[in-house]
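Visitor: Pasting the sequence and the predicted model now:
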Amino acid sequence: MKHFLEMSPMAERILDAAQGLIQQQGYNGFSYDDVAKLVGIKKPSIHHHFPKKEDLVAVLVQRYTHSFRGELLNMEGRHASPMDRLAAYAAVFEQTFNRDRRLCVCGMLGAESGSLPDSAADEVASFFKVNLDWLTQIMGDAQNAGLIKKNCDAESLAQAYLSALEGAMVLGRGMRTVQGPADIARTFLSTVSA
């Protein structure tokens, strides 16, 4: 399996189409035929770049995780305060949700983890680990600065925050409301603030 950084422009277009489909329909809700129609190519061309669907999804999640990691670094560069970083983190989820009520790629795939091939499931787990490690650090920084209560450990707060944001997307889509992750983040952070 190739690494996402080794992708041709056509492979990138295929990944873009598959990402949108996954965000709307999940792993089991799209096929290579769907991708081919969106990209405007024949199905064998997709197999040329990604022999199996699990290859495509594993590479897509690698790319998604890399992009998200870049967002985390940007947040650190733009925001000194841990609370501002946590708000900026929620804004990434809000931007995704505001695009036709799309869900986080890994949130959607995580819900289907029982039916994912191991290569894709492993990449999804890596995405969540990257995010939880970062959030745990930021929650700990906020606690040490006296901005967040210390009644829960930073790791539990990180898990609760990520769960709230992913859940807000699912609930917002399911209830067809405009309330998205940013509103839930504000409520969560006001509840845990010192």
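Guide: Here it is on my side, so go on. Everything quoted here is computed from the prediction, not taken from an experiment. Numbers count the residues shown, from 1 in each chain.

Visitor: which residue is nearest the centroid of the chain?
Guide: C104 (4.0 Å; C-alpha atoms, centre = their mean).

Visitor: Surely that one and E166 touch.
Guide: Yes. Here C104 reaches E166: they are 6.1 Å apart, a contact under C-beta atoms under 8 Å. From N, CA and C alone the C-beta is placed, and that goes for glycine too.

Visitor: before we move on, the earlier item: who's in contact with the residue nearest to the centre of the chain?
Guide: 23, 93, 96, 166, 169 (C-beta atoms under 8 Å, 6 or more residues apart in numbering).

Visitor: tally of neighbours for T187?
Guide: 12 (other C-beta atoms under 10 Å).

Visitor: tell me which element A185 is part of?
Guide: helix 181-192 (DSSP states H and E).

Visitor: buried ones in that helix?
Guide: The neighbour-count check on helix 181-192 (16 or more other C-beta atoms under 10 Å) flags 181-182, 184-185, 188-189, 192 as buried.

Visitor: Name the residues that touch that helix?
Guide: 83, 86-87, 89-91, 93-94, 97, 148-149, 152, 157, 160-161, 164-165, 167-169, 172.

Visitor: Quick check: PyMOL command selecting the buried ones in those.
Guide: The buried subset of these, as determined by 16+ other C-beta under 10 Å, is captured in PyMOL by this line:
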select buried, resi 83+86+87+89+90+93+94+97+148+157+160+161+164+165+168+169+172
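
Visitor: Cross the contacts of helix 181-192 against helices and list the overlap.
Guide: Using DSSP state H, the subset of those located in helices is 83, 86-87, 89-91, 93-94, 97, 157, 160-161, 164-165, 167-169, 172.

Visitor: follow-up on the earlier one: intersection of neighbour lists for C104 and E166?
Guide: F93.

Visitor: quick revisit: need the contacts of C104 in TSV (columns: distance to E12 and pLDDT).
Guide: Output for the contacts of C104, formatted as TSV (distance: C-beta to C-beta, whole Å; pLDDT from 0 to 100):
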residue	distance to E12	pLDDT
Q23	16	93
F93	23	94
T96	19	90
E166	26	95
M169	25	92
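
Visitor: Wait, a strand at D141?
Guide: No. Using DSSP: H, G, I helix; E, B strand; the rest coil, the assignment for D141 is helix, not a strand.

Visitor: just checking, K42 touches Y32?
Guide: No. Using C-beta under 8 Å, K42 makes no contact with Y32, being 9.8 Å away.

Visitor: Which one's more surrounded, the two?
Guide: The residue with more neighbours, out of K42 and Y32, is Y32; 19 against 12, by other C-beta under 10 Å.

Visitor: CA atoms of the helix holding A185 as PDB?
Guide: Once non-C-alpha atoms are left out, helix 181-192 reads as follows in PDB (Å, rounded to 0.1, in the frame of the first residue of the first chain):
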ATOM      1  CA  PRO A 181     -20.300  21.000  17.800                       C
ATOM      2  CA  ALA A 182     -19.300  24.700  18.600                       C
ATOM      3  CA  ASP A 183     -22.500  25.100  20.800                       C
ATOM      4  CA  ILE A 184     -21.800  21.800  22.600                       C
ATOM      5  CA  ALA A 185     -18.100  22.800  23.100                       C
ATOM      6  CA  ARG A 186     -19.100  26.100  24.700                       C
ATOM      7  CA  THR A 187     -21.500  24.200  27.100                       C
ATOM      8  CA  PHE A 188     -18.900  21.600  27.900                       C
ATOM      9  CA  LEU A 189     -16.100  24.100  28.500                       C
ATOM     10  CA  SER A 190     -18.300  26.300  30.700                       C
ATOM     11  CA  THR A 191     -19.200  23.200  32.700                       C
ATOM     12  CA  VAL A 192     -15.600  22.200  33.400                       C
END
